[in-house]
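[1] Model the structure of this input:
(2 chains)
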Amino acid sequence: MYVGAIVTIANRARCEGDSGNLPRKRPGSHQSTPQLLLGSPFATWDVLGQSVLDRTLDRLRVFGIDHVSVISEDGLCRWSQPGPFTYKSSTAAGFWPAWDSVVSQYLNHGMATLLLVRLGPYVELDVSDFLRFHRESRGPLTQAHHSPGPLDLVAVDAKQLRNAEHSFRARLSTMIANRREYKFNGYLNALAEPADFRRLVEDALRGRCGIRPIGQEVEPGIWVGQGAQIERSANVLAPAYIGANSYVRSSCTISGASAVEKQCEVDCTTSVDNCCILPGTYLGMGLNVSNAIVGAGRLFHLGRGVELQMNDDRLIGITPSSRQLTRSALAMFGAVSTRASRTASLMKARRFGHFR
Amino acid sequence: MLLTLPERVDGKLARTFAGDLNRELMNDRPRIVVDLSQVKQIDSEALDTLLDCMVAVANRDGAVKLGGVSPEAATMLELTRMDRVFEMFPTVAEAASSFSVARLEPVSEQAPEPAAA
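    Sure, this is the predicted structure:
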């Protein structure tokens, strides 16, 4: 049975202003409005070496989903693998035209079930069990529910999309009224606040969820990515993560379940405690970075709830290798309106190597 | 002397404020309170200047105290470890009142009477 999936990454404006026919946010539910962290959606930031988006795509592949497409807020669309599909949207065309195009192509190629995932929350759902429940319930639409409320995770019977006369969005709207509920109690992180993102990283480091660090466990609780360098005098306290090609210079201290993601540099004597350092970040010499998420030249302090734009490369900046990566990505994809789209596109390029 | 820093403070602006301090430095034991309640952004050059001021004031047996420190300024001070260098107070008034020295009570020349058993 052919299952096609659409993973959407929406920003705050889209979700608040136009959630279309997808289930809307309700108080207390986990259909959280995807929040921006340091200028990008949470889903695009790395959690111990791989973004929530990439991890979600991996999970879908593991559960045997045939095709996955990722649609960003401005309608940029990428297919998960080469095949009979054509790449329609190379520029920002709007979310719904891209969405309609993807559904149409899935239907033309015999899709039986459409899986809709919005990031959003990080959910560790047994997708095969969810799809089995959907098939056995014989309803047009099944929505996953966690204890606080419904999730942005829906399975749709493709036949119902084919048979009606109206647009896909209108057909989906009519189905939502007759949806079945699939209850699950697995790990869920709403990823609605920066503190949620930090908690996800900490949960992963402490083994409270299914996320595994990308790298090697060099000592109990200390994972190090490929090509990472840690000076002998640096002190890394477990649990901790040092991402690929990152450099922790002499006399630094990394503690409090901190994660230094890939291509970062922590300069001499700086201490990092209870922090997420996002990819490509340079931390200057002698700093005390604590209880914060740092990246893209910004710092979000979790305790005080303030975000600082750092215009000072001596303190917090971008590593040269990261700058090079950004330039390459821009050259490859041209001008894209949001950083979120750039990040999503870049990740897809790396993963599937398929662009036209 | 009270110095109120604006929302954005860079090195150039900080040096202007430091210039204003020079008059105060003519006095012995200068007492400076820096109001950081409006500060949203402050760069490392400005913090360096603040540190220079503190040294100059300390050389004349005075003190620089920070009052009403905004969360943004507090984050920057913590990041650069300058929160350990400066005395910080929740409000400007508390910073100012911290300069007041406890009055010494005159000591009686008579020996205190022994306490009753």
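[2] Chain neighbours aside, what residue packs nearest to the residue nearest to the spatial centre of chain A?
    In chain A, the centroid-proximal residue (CA atoms, centre = their mean) is A:A43; its distance is 2.3 Å. Excluding its sequence neighbours, the residue lying closest to A:A43 (CB to CB, 6 or more residues apart in numbering or on different chains) is A:L119, at 3.7 Å. Using the backbone N, CA and C atoms, a C-beta is placed for each residue, glycine as well.
[3] how about whichever residue of the stretch 51-200 of chain A sits closest to chain B, phi and psi?
    As assessed by CB to the nearest CB, chain B sits closest to A:P194 within the stretch 51-200 of chain A, at 13.6 Å. Dihedral pair for A:P194: phi -50, psi -30, per degrees, to the nearest 10.
[4] Can you get me a residue count around it?
    21 (other CB atoms under 10 Å in any protein chain shown).
[5] Strands along the stretch 51-200 of chain A, start to end?
    Taking DSSP state E, counting those that start in this stretch, the strands of the stretch 51-200 of chain A run over residues A:67-72, A:77-79, A:113-119, A:122-123, A:141-146, A:149-157, A:180-183, A:188-189.
[6] I'd say the residue of the stretch 51-200 of chain A closest to chain B and A:H301 touch.
    No - contact criterion CB atoms under 8 Å: A:P194 and A:H301 do not qualify, at 9.2 Å.
[7] Any regions of the stretch 1-150 of chain A where pLDDT drops low?
    A:10-39, A:73-93 (pLDDT under 70).
[8] For it, list the residues in contact with chain B, please.
    Contact residues, the stretch 1-150 of chain A versus chain B (CB under 8 Å from any CB of the partner chain): none.
[9] Run through the helices of the stretch 1-150 of chain A in chain order.
    Taking DSSP state H, counting those that start in this stretch to define them, one finds helices in the stretch 1-150 of chain A at A:12-17, A:52-62, A:95-108, A:127-137.
[10] Dump these into JSON lines; add distance to A:I316 and mean neighbour count as well.
    Below are those laid out as JSON lines (distance: least, CB to CB, whole Å; neighbours: other CB atoms under 10 Å in any protein chain shown):
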{"stretch": "helix A:12-17", "distance to A:I316": "24", "mean neighbour count": "14"}
{"stretch": "helix A:52-62", "distance to A:I316": "23", "mean neighbour count": "19"}
{"stretch": "helix A:95-108", "distance to A:I316": "33", "mean neighbour count": "19"}
{"stretch": "helix A:127-137", "distance to A:I316": "39", "mean neighbour count": "17"}
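[11] okay, and the helix or strand of chain B with the least pLDDT?
    Lowest on mean pLDDT, DSSP states H and E among the helices and strands of chain B sits helix B:11-24, with a mean of 82.
[12] Do it and chain A come into contact?
    No - if you take CB under 8 Å from any CB as the test, helix B:11-24 misses chain A, and the best it gets is 9.9 Å.
[13] Tell me which strands the helix or strand just after that helix pairs with, and in which orientation.
    Where DSSP states H and E defines the elements, the next helix or strand beyond helix B:11-24 is strand B:31-35. If you go by DSSP bridges, strand B:31-35 pairs up with strand B:2-4 (parallel), strand B:63-67 (parallel).
[14] And those, which one averages the lowest pLDDT?
    If the strands paired with strand B:31-35 are sorted by mean pLDDT, strand B:2-4 sits at the bottom with a mean of 89.
[15] Pull the distance from that one to the chain's centre.
    Chain-centre distance of strand B:2-4: 10 Å, with CA atoms, centre = their mean, to the nearest Å.
[16] ok, residues contacting that strand?
    B:F17, B:D20, B:L21, B:I32, B:V33, B:V34, B:D35, B:S37, B:Q38, B:V92, B:A96 (CB atoms under 8 Å, 6 or more residues apart in numbering or on different chains).
[17] Mean neighbour count for the strands of the stretch 51-200 of chain A - can I get that in a markdown table?
    Listed next are the strands of the stretch 51-200 of chain A as a markdown table, based on neighbours: other CB atoms under 10 Å in any protein chain shown:
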| stretch | mean neighbour count |
| --- | --- |
| strand A:67-72 | 25 |
| strand A:77-79 | 22 |
| strand A:113-119 | 23 |
| strand A:122-123 | 24 |
| strand A:141-146 | 22 |
| strand A:149-157 | 23 |
| strand A:180-183 | 15 |
| strand A:188-189 | 22 |
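[18] of these, which approaches A:G210 most closely?
    With CB to CB, the closest approach to A:G210 among the strands of the stretch 51-200 of chain A belongs to strand A:122-123: 9.8 Å.
[19] Tell me which strands the closest one pairs with, and in which orientation.
    strand A:188-189 (antiparallel).
[20] quick check: mean pLDDT across the partner strand?
    Here the average pLDDT along strand A:188-189 is 94.
[21] Can you name the residues in contact with that strand?
    A:H30, A:P121, A:Y122, A:V123, A:E124, A:H146, A:L151, A:D196, A:R199, A:L200, A:D203, A:C209.
[22] hang on, the earlier thing: okay, the helices of the stretch 1-150 of chain A in a markdown table with distance to B:L25 next?
    Listed next are the helices of the stretch 1-150 of chain A as a markdown table, based on distance: least, CB to CB, whole Å:
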| stretch | distance to B:L25 |
| --- | --- |
| helix A:12-17 | 50 |
| helix A:52-62 | 55 |
| helix A:95-108 | 61 |
| helix A:127-137 | 70 |
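[23] just so I know, which of these lies nearest A:G225?
    Taking CB to CB, helix A:52-62 is the member of the helices of the stretch 1-150 of chain A nearest to A:G225, at 14.4 Å.
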